[in-house]
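K.L.:
Fold the following for me, if possible:
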Amino acid sequence: MVQKAEKIWFDGKLVPWDEANVHVLTHTLHYGCGVFEGIRAYHCTDGRSAVYRLREHMQRLIDSAHILGMKIPFSLDELVQAVVDTLVANKMKAGYIRPLVFIGDGVMGVHPGANPIRLAIAAWPWGAYLGDDALLKGIRVKTSSFCRLHVNTMMTKAKACGNYVNSVLAKTEVVADGYDEALMLDTQGFVSEASGENIFVIKNEVIKTTPLTSVLPGITRDSIMTLARELGYEVVEQLFTRDELYVADEAFFSGTAAEITPIREVDRRTIGAGQAGPVTQLLQKEYFRIVKGENPDYDAWLHEYSI
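P.N.:
Prediction:
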């Protein structure tokens, strides 16, 4: 369950959590045309609080809305400040942040007409998305029968609400079969991503990830690629198949919520040693050093705020 906070930023104002409501005829509720972000704020080792890559996340929110033809009535700077205001109002030194842009009520029917574009930002405490053990021991994954969306079916570069029906179907399917997460293939049969995470495989210390075809351009994905190259690893963006994943030395998912989560099994095949491998462990260690403010080389990725 989401842990209730005191305030939600809603259309430019901080309102009590229980009053951040919409009408049942809200257009996005019926037709799914909305966009959102997932962002984390961390309580750093030295006592600072910082939102990780905040401006990049809010720019992606703006870009996603633009792709869907939605004009956000706030600037990038205003959105960045709204996130900070939400965290401060809730006295949160760390937490998960969920901005949501949606089309409000007015006309009904597929075309939204002049219905207002509305924006809410909520924040709450949230630990490891797939469980604390997952970060250490890895997770069990199953290939879903649902393919990732084709680029001419939906706008795959937008973090759009409606796109995630595809993800919900895949995740629900594999969880019902006893697995932790879904692996999704693209419409050609190549590995795409998970229900809400990008994927990396490692073979002979070469790190490979799906190119930006049908997958969302993950900000954590970009962070890991940058970090891995700085650590001296070769990083390749290249299509790969399920069987290549099966014989990988290591594999992991990445995302704001999932952070770096090792994959220990796919479709009942053990991946590598069946636990987080040495490259994954190193990337985890260095990634958490960055988000916790322990690596000054990456301080530009931290948007500090004070409670």
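K.L.:
just the helices in the stretch 201-307 of the chain please.
P.N.:
Secondary structure of the stretch 201-307 of the chain by DSSP state H, counting those that start in this stretch: the helices cover 219-230, 242-246, 278-291.
K.L.:
what would those helices look like in JSON lines with mean neighbour count, distance to P16 and mean pLDDT?
P.N.:
Bear in mind the C-beta positions are built from the backbone N, C-alpha and C, glycine included. Output for these, formatted as JSON lines (neighbours: other Cβ atoms under 10 Å; distance: least, Cβ to Cβ, whole Å; pLDDT from 0 to 100):
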{"stretch": "helix 219-230", "mean neighbour count": "19", "distance to P16": "30", "mean pLDDT": "98"}
{"stretch": "helix 242-246", "mean neighbour count": "16", "distance to P16": "46", "mean pLDDT": "97"}
{"stretch": "helix 278-291", "mean neighbour count": "18", "distance to P16": "30", "mean pLDDT": "98"}
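K.L.:
Which one of those lies nearest to G113?
P.N.:
helix 219-230 (32.9 Å; Cβ to Cβ).
K.L.:
Format the helices of the stretch 201-307 of the chain as TSV; extra columns: distance to S49.
P.N.:
Listed next are these as TSV, based on distance: least, Cβ to Cβ, whole Å:
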stretch	distance to S49
helix 219-230	19
helix 242-246	37
helix 278-291	11
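K.L.:
for those, which one sits closest to P125?
P.N.:
Of the helices of the stretch 201-307 of the chain, nearest to P125 by Cβ to Cβ is helix 278-291, at 15.7 Å.
K.L.:
related to what we said a few turns ago, nearest to T156, out of the helices of the stretch 201-307 of the chain?
P.N.:
Nearest of the helices of the stretch 201-307 of the chain (Cβ to Cβ): helix 219-230, 14.0 Å.
K.L.:
what's that closest one in contact with?
P.N.:
Applying Cβ atoms under 8 Å, 6 or more residues apart in numbering, the external contacts of helix 219-230 come out as 53, 56-57, 60, 198, 200, 207, 209, 235, 254-256, 258-260, 283, 286-287, 290, 301.
K.L.:
Sort out which of those are in strands and list them.
P.N.:
N198, F200, I207, T209, V235, S254, G255, E259, I260 (DSSP state E).
K.L.:
Out of those, flag the one nearest to G32.
P.N.:
G255 (20.9 Å).
K.L.:
who touches the closest one in this structure?
P.N.:
If you count contacts by Cβ under 8 Å, 6+ apart, G255 has them with G38, Y129, A194, G196, E197, N198, G218, T220, R221.
K.L.:
Look up the pLDDT of it for me, please.
P.N.:
With respect to pLDDT, G255 has a value of 96.
K.L.:
Any idea which of the helices of the stretch 201-307 of the chain gets closest to G109?
P.N.:
Of these, the one closest to G109 (Cβ to Cβ) turns out to be helix 219-230, at 34.8 Å.
K.L.:
quick one: the closest one to helix 278-291, angle?
P.N.:
If you take axes from the mean of the first three to the mean of the last three Cα atoms, to 10 degrees, helix 219-230 sits at 110 degrees to helix 278-291.
K.L.:
pull the helix or strand with minimum mean pLDDT from this structure.
P.N.:
Least confident helix or strand of the chain, by mean pLDDT, DSSP states H and E, is helix 132-137 with a mean of 82.
K.L.:
elements contacting that helix?
P.N.:
strand 259-266 (3 or more Cβ pairs under 8 Å, 6 or more residues apart in numbering; DSSP states H and E).
K.L.:
The strand it packs on pairs with which strands, parallel or anti?
P.N.:
strand 139-143 (parallel), strand 250-255 (antiparallel), strand 269-270 (antiparallel) (DSSP bridges).
K.L.:
Take the first one, keep the C-alpha atoms, and write them as PDB.
P.N.:
By that I understand strand 139-143. Backbone C-alpha positions of strand 139-143 (Å, rounded to 0.1, in the frame of the first residue of the first chain) are rendered in PDB as follows:
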ATOM      1  CA  ILE A 139      14.700 -12.200  -9.300                       C
ATOM      2  CA  ARG A 140      13.000 -14.900 -11.300                       C
ATOM      3  CA  VAL A 141      11.700 -13.700 -14.700                       C
ATOM      4  CA  LYS A 142       9.400 -15.200 -17.300                       C
ATOM      5  CA  THR A 143       8.900 -14.300 -20.900                       C
END
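K.L.:
got a list of contacts for whichever strand or helix holds V88?
P.N.:
Assigned by DSSP states H and E, V88 belongs to helix 76-89. Here helix 76-89 makes contact (Cβ under 8 Å, 6+ apart) with 6-9, 12, 14, 39, 41, 49, 51, 54-55, 58-59, 61-62, 72, 74, 95, 97, 99, 119, 121-123, 303, 305-307.
K.L.:
Please list the members of those that lie in strands.
P.N.:
7-9, 14, 39, 41, 49, 51, 95, 97, 99, 119, 121-123, 303, 305.
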